[in-house]
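Enquirer: Any chance you can model this:
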Amino acid sequence: MTIARPAAERFWPHVDKEGPVHPVLGTPCWLWAGHRDKRGYGQFNVGKRKLRLAHRVAWELTNGPIPDGLFACHHCDNPPCVRPDHLFPGTNGDNINDAIRKGRYHSHWSKGMRSPNAQLTETQVASIKRRLLDGEMGIDIAADACVSKALISNINTGRLWGDVAPAPAAYVNREPEPDPACLAEQEGDDA
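Expert: Predicted coordinates:
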């Protein structure tokens, strides 16, 4: 997309060139001083109420259009930074690989037991899937496993733990050992 000259004249006055010096790049980030979205990325109105990400606009004003299918990625990992030499065009995969290389690929994106938010093991999920296939009610399984009905529903639809196969019928543990804290909670509810 080509950006009209008036937009370019309006853009740069919203840039603070005295941002923090990046420890690896050795140059300061140029921070977008205008509106930012909830993730911290700058937003710039390029006309007719069309908002664009400010770092993409900065790249295009300096280097020309970003090829279709590519993103403007940050070398500095600083969302409000619009300094063109802190940006590079890349695919989504390039951006993820850059994050992994820098150790900032958030573990909440990890699947299954690799996620720090995992409440179940793969063995427990396989057992839950078998019980669901055998026709047991999700609410009963949730109570036994001491997890939410929503988690059981997400397992059942494959939204979560979709890569885990159901356990063979002979190996199903009908009464998984729940977390002791959950048991104490359940006992407190009965009182």
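
Enquirer: Spit out the contact partners of the nearest residue to residue 22 once chain neighbours are set aside.
Expert: With CB to CB, 6 or more residues apart in numbering as the measure, residue 76 is the residue that lies nearest to residue 22, at 4.6 Å, once sequence neighbours are left out. C-beta here means a position set from N, CA and C on the backbone, and glycine is covered the same way. Remark: with contacts taken as CB atoms under 8 Å, 6 or more residues apart in numbering, residue 76 is in contact with 22, 25, 29, 83, 86.

Enquirer: what's the answer for residue 138, then?
Expert: For residue 138, counting by CB under 8 Å, 6+ apart, the contacting residues are 132, 149, 152-153, 156.

Enquirer: which non-adjacent residue is nearest it?
Expert: Distances taken as CB to CB, 6+ apart put residue 152 closest to residue 138, at 4.1 Å, once the chain neighbours are dropped.

Enquirer: Mind listing what's buried along stretch 61-70?
Expert: Across stretch 61-70, burial judged by 16 or more other CB atoms under 10 Å covers 61, 66, 70.

Enquirer: ok, and the residue nearest to residue 138, which helix or strand is that part of?
Expert: Remark: residue 152 resides in helix 149-157, with elements defined by DSSP states H and E.

Enquirer: Alright, calling it a day.
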